[in-house]
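Undergrad: I'd like to go over a predicted model; first the sequence, then the structure.
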Amino acid sequence: MGYPHKSHPRETPILSKHFGDADARTLSGWRQRGGYRALEQALGTQPADIVNVVKESGLRGRGGAGFPTGMKWSFMKPGDGKPHYLCCNADESEPGTFKDREIMRWTPHALVEGCAIGAHAIGAETAYIYIRGEFTEPIRVMEQAVREAYAEGILGRNAMGTGKRVDVHVHRGAGAYICGEETALMNSLEGRRGNPRIKPPFPAVAGLFGQPTTINNVETLAAVPHILTNGAAWYKAMSLSSPKSTGSKLFSVCGNIRKPGNYEITMGFPFKEFLYDLCGGPLPGRKFKAIIPGGSSVPIQTLEEAEATLMDYEGFVAQGTMLGSGGVIVFDDSQCMVKQIARLARFYAHESCAQCTQCREGTAWTTRILERIEHGEGTMEDLDTLLEIGDNMTGKTICVLSDSCATPVASGIKKWRHEFEAHIKQKRCPMRTAVAA
Amino acid sequence: MSAREEGGLHAPAHASHSSAGHGHPAEHTPIFVGENRKKLDELLTRYPSKMAALLPALWIAQDAQGWVSEGAMAEIAGLLDLTPAYVKGVVTFYTMYHQHPVGRHFIQVCTTSPCGVCGAEDVARAFLKHTGCGELGVTSPDGKYTVIEVECLGACGFATPIMINDDFIESVTPERVPEILGTLK
Amino acid sequence: MTAPATTAPATKMVTLTIEGRQVSVPEGTSILEAAKHAGILVPHYCYHPGLPVAGVCRMCLVEVEKAPKLAPSCATAVGEGQVVHVYSEKALEARKGVLELLLINHPLDCPICDQAGECELQDYTYMEGRPDSRLRDPKRFNPVEDFGGDVMYVTNRCILCTRCVRFMDTMAQDAVLNVSERGDRAVIGKFEGHDLTHPWAGNVIDLCPVGALLSKDSLNKVRAWEVDRTASICPNCTQGCNMIVETRDNVVVRLRPRANEAVNRFFMCDYGRLNYRWLNRPDRVEQPLVRRGDALAIADWETALDAAAAVLKGAKVRVLASPVLSNETLGLLARLFRKSGGSGVFRVAKGEVAPLPGVPGLARREDLAANVRGAELLGFTRSDTPVWNLGADDVLVVADEELAGLDVSTLGRPKAIVVIGTTLPAWARGAAVVLPIGSFAEEEGTFTNVDGRVQRFMQAKAAPGNARPSFAVLSDLLARLGESTNFFLASEAFAALAAAEAPFSGMSYDTLGLKGAVVAGGAR
């Protein structure tokens, strides 16, 4: 299956195998498809052994940073006498990314199962699934799945009859991109403003409610049952390129492209073939111009860079960008890069939590300057100012929202400087005139 | 409306007749009685702190009132051992809590870049035209609609996604707008 | 109250190098505090030693060798062998960037801002900021807001350091302030109907590093560079908060807290802070007065002191003294009544106790006078309605006590009344002698606070007319009665007190310094 279109033969549908299959949403349907066997097995396994399997598999965080999941879990010390927590980061808000949404909509029990396994592995009795407030349907579906799992004794005081306690709760966000940052998510869950926290202390030491906490992305946790069922070697073998990037990965594709949607491929897939074969290439009569491959926070690629990329953590870095959250945003030759970059900056200005000076003021100022340039009121000095503000916004704040705003601006000015200069020299947007004419 | 609300980059959603709806705590009818109280009590069992039930409690209040009034903030503050100012600080952080009454159908159009390049701004304009709202954030004279632009709804592959209250509609084009509005009461 | 660091159990020390200076500090100390030890001030806004660390202004960024990024020195603990550069090009550039961003929307209205001259935004911009502005866009504008209590919020000047929010939350534990909205729309907010009326709320004004939170009481009254500042002790209750008296042209214009970890940390209450107008009373007695028939006549000091000594000689002395008088003065008064077999009494106004919950042991105390403990230690007894039945053998000495609500005739019919005071209430017209003294702000001395801490205050302004320091007046008077009390300085009066009175034994102005010391026996 696939959604919104059938899986392409070159995809590796593991997480997305049941997308579009309404029957897979129910507990009975999920069980028929092999669900909850991994959890049953896990609850009878020592947490350390589960952590080792996940370590062996090479699974890395699918939320953006790509931190090895098994290693993250190993920071938790079950039996230290403190309550531990697992947070599932389902605050999918990175522009261009909509994969977790589909996992939750179509295979909610995969996530419940992944959360329960993860909780057991880190010595937690409670897992919270923090879902962004706008995801009303995924929230309904997840809540239903959790209710079913409680009713069937999969969750609760005596999970699957093992005497182990596993609680999973769905927690709804309320509209804040920054809550996808793990410490902001914890603050939000605690009933605070979603302000990122200073690290250290790291969540594994003092996280949610001040207790040792692990935060994992939806896609990461949903992959865990498959790894336990099929073994670390199976997962590790899924790689077409770097041994440091293993498994299947969901990429969300959007923007100016023929077949937007989610695609699950094996790590290391050639980006060029992905864009043209799987996603159908550009819209009729158009050419690709720029591609943001990992959600709006990563550097923008030119088409040449994108076409030379292998789709894994290392492959994107080799082409000057990052895999990030796997949200591929495609701009074609009808788009004005100044306008698009200004729009991205505006997004970050809107979402800045307001704590750090560089971010609060920098994102807003950057937006004002970019919008001024777009309207034909910019100066050449503005470009230098933008780059300098960007420097001030990079690597100096509590979290990386500030950096994320500066990144597309810097890569945009570097790679499409001629478009910026044309706006300044002609005192208007050249593209807008062209389209109007 | 204060100048503060006009400042900054995005004006928050507000009613065009805000004086009508700005409830004082004194006029507040308690929300957390009966079913709502039961819901809150159940929520409190999920967390080791009362404060953690704040976002869910605000959702209950918004579901009950259509927005989160200062009276609701004060009531929740009392229930969760917080101060009203603290609660207000949290409310104003999250864009989905309405600090003013909004139209019966609250329409959010995603216009962030991925949808923007697929014509989302035209969708927003179509809604403004067909609802009679005219302006973003302004409630239509009949109190039926409020239209706002919203940042990334996380459905970029289905441009343009919109939300009408809690309902998500994907792949909206300007042409579909009248039909969509026709389904609303 | 927390014990001073010197008596704490030995902690592990960490040695690091900051700007080439080696410094050893206890493990866990922040780089910013360690730099202070080394004599280097790292510019900062959100950090305040009396509040939890926020780490949000990002002004205190420093370069730590081998670290990948600049470190917020307020939120980074020292590490053994660290090499820290406060003034490296990278660190200076980063702070310059912060200053530019803090100023883009700032109204730059220093000429009409109360904070000018004591503004950290001015200071650091002058030290490390850009000389120009690159902003070509309109500035953000927000209206001024009355936060209630004594506090006004000038939103446009706010840099969102959140010191005020953290103070109200963690110290006052009355979270009436918040950060509202987010991004560049964020402001400090409050809830309608919930004002900054907490008894300690005024501290947010001092904590604000810029001109965003201002005192309504002192609004537009003085410029920071016009005032003289004097280290003093708040006279308004027995807590003994350390404070600074600010005067302009011999008028007290503002009281502000002075840091003392052992007493008030960095804070003082609104009652203490705003209760200063009595120090500027115009109705002062400025000349010594001596009875001539039915009336009091102005006399010179020699004549007045001789007259007072003549009245007191051989009589039993009953002293009614203000508990806002210094230990030195009360000690001399005690000598006066003890020597004659008399007695001493004080009255004290009472108020409601108002604690600052975040600082254990800190409160506006019930007794609204600074030196109640000192008076008690020196043998005075508390009595709101003293009943003495004074007769012809007694002389009543009233020391800076206006006897408000007390009819002097109820005390009996003493041989005479001697007034030593700052004012001349109606009943004092019947005195034999009136000796004018300075208020506590007009002389030097010590108070003993509720916990037995003896603390020095300095002279902040000149006494009017011929009024003299109270310890000097009493030492001259006692000298006339045969005592060896020719004290020229307050320190000499204190030395004599320390020699004679056991609780003060071993103390001197030098050992008290500006932080004080606790009397033998300490807190009750």
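TA: All right, it came through fine. What you see is a predicted model, and the numbers here were worked out from it, not measured in a lab.
Undergrad: C-alpha from now on. contacts and neighbour counts both.
TA: Noted.
Undergrad: so where's chain C uncertain?
TA: C:1-9, C:523-524 (pLDDT under 70).
Undergrad: tell me which helix or strand the spatially most central residue of it sits in.
TA: In chain C, the residue lying closest to the centroid (C-alpha atoms, centre = their mean) is C:M243, at 1.6 Å. Taking DSSP states H and E as the criterion, C:M243 maps to strand C:242-248.
Undergrad: other SSEs contacting that strand?
TA: Applying 3 or more C-alpha pairs under 8 Å, 6 or more residues apart in numbering or on different chains; DSSP states H and E, one finds that strand C:242-248 makes contact with strand C:228-233, strand C:251-257.
Undergrad: for chain B, find the nearest of those.
TA: strand C:251-257 (26.8 Å; C-alpha to the nearest C-alpha).
Undergrad: then whichever helix or strand comes after the closest one to PDB, C-alphas only?
TA: On the C-terminal side of strand C:251-257, the closest following helix or strand by DSSP H and E is helix C:270-274. Extracted in PDB, the C-alpha atoms of helix C:270-274 (Å, rounded to 0.1, in the frame of the first residue of the first chain):
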ATOM      1  CA  ASP C 270       8.400  48.300  49.400                       C
ATOM      2  CA  TYR C 271       7.500  49.700  52.800                       C
ATOM      3  CA  GLY C 272      11.200  50.200  53.700                       C
ATOM      4  CA  ARG C 273      12.000  51.500  50.300                       C
ATOM      5  CA  LEU C 274       9.200  54.100  50.100                       C
END
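Undergrad: helix or strand next in line after helix C:270-274, which one?
TA: strand C:289-292.
Undergrad: which element is the residue located most distally from the centre of chain B on?
TA: Here chain B reaches farthest from its C-alpha mean at B:P48, the gap being 28.2 Å by C-alpha atoms, centre = their mean. Using DSSP H and E, B:P48 falls within no helix or strand.
Undergrad: what's the span of stretch C:52-71 from first residue to last?
TA: One end of stretch C:52-71 sits 18 Å from the other (C-alpha to C-alpha, to the nearest Å).
Undergrad: report whether that stretch contacts chain A.
TA: Yes: contact of stretch C:52-71 with chain A (C-alpha under 8 Å from any C-alpha of the partner chain) involves C:G55, C:V56, C:C57, C:R58, C:L61, C:K69, C:L70.
Undergrad: narrow the residues you listed to those in strands?
TA: Cross-referencing those against strands under DSSP state E gives C:L61.
Undergrad: of the residues of stretch C:52-71 next to chain A, which is the nearest to chain B?
TA: Using C-alpha to the nearest C-alpha, C:V56 comes nearest to chain B of the residues of stretch C:52-71 next to chain A, at 16.6 Å.
Undergrad: surely the closest one meets A:C399?
TA: No: using C-alpha atoms under 8 Å, C:V56 is not in contact with A:C399, being 10.6 Å away.
Undergrad: can you give me the strands for chain B?
TA: Along chain B, the segments classed as strands by DSSP E run B:105-110, B:145-150, B:162-164, B:167-169.
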